[in-house]
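Peer 1: this is a predicted model, with the sequence first.
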Amino acid sequence: ATNVGAIAEIVQPEFSGFLIDVNDRGSLVEKLRYLLDNPSLRQTMGQNAFALVSDTFDAEANTMRLLTEIKEVADRQSWLTRQDGQHSKWQRAAQQPLQNRG
């Protein structure tokens, strides 16, 4: 992959792929040939990349991380509590387990 934007946060060099400078065609050709000549490395890197992306971009896991963050913020913020002392809908949502949501 070319080393631009957030790609460097996703591709882990030598583990899940190679990072190549944008205009470095020589390195691109070199890495492609290297992968063509090393099928086991190609397969391992592909599996590593798949696992990394699956773990990092799993919708349910990301939702749970986000809800945990929301709950932590909501627990610290008294302005989210209504005047009658009841929790706001955001606090209730953050406290409700994901599997119980409609």
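Peer 2: Cool, the structure landed. Residues are numbered from 1 along each chain as shown.

Peer 1: tell me which helix or strand of the chain sits lowest on mean pLDDT?
Peer 2: helix 89-95 (a mean of 67; mean pLDDT, DSSP states H and E).

Peer 1: which pLDDT does the model give the most centrally placed residue in the chain?
Peer 2: By C-alpha atoms, centre = their mean, the chain has its centre lying nearest to residue 56, at 3.0 Å. On pLDDT, residue 56 comes in at 84.

Peer 1: and residue 83, by the same measure?
Peer 2: 61.

Peer 1: next: residue 36.
Peer 2: 96.

Peer 1: which element, helix or strand, includes it?
Peer 2: Applying DSSP states H and E as the criterion places residue 36 in helix 25-37.

Peer 1: same question, residue 51
Peer 2: Short version, using DSSP H and E: residue 51 is in helix 39-56.

Peer 1: again, but for residue 8
Peer 2: helix 7-10.

Peer 1: quick one: residues in contact with that helix.
Peer 2: 1, 16, 19, 52, 53, 56 (C-beta atoms under 8 Å, 6 or more residues apart in numbering). To be clear about C-beta, it is placed using only N, CA and C from the backbone, and glycine gets the same treatment.

Peer 1: how about the residue nearest to the centre of the chain: what's its closest non-neighbour residue?
Peer 2: Closest residue to residue 56 in three dimensions, ignoring its sequence neighbours and counting by C-beta to C-beta, 6 or more residues apart in numbering: residue 10, at 7.3 Å.

Peer 1: what is the burial count for the one you found?
Peer 2: A count of neighbours around residue 10, defined by other C-beta atoms under 10 Å, yields 16.
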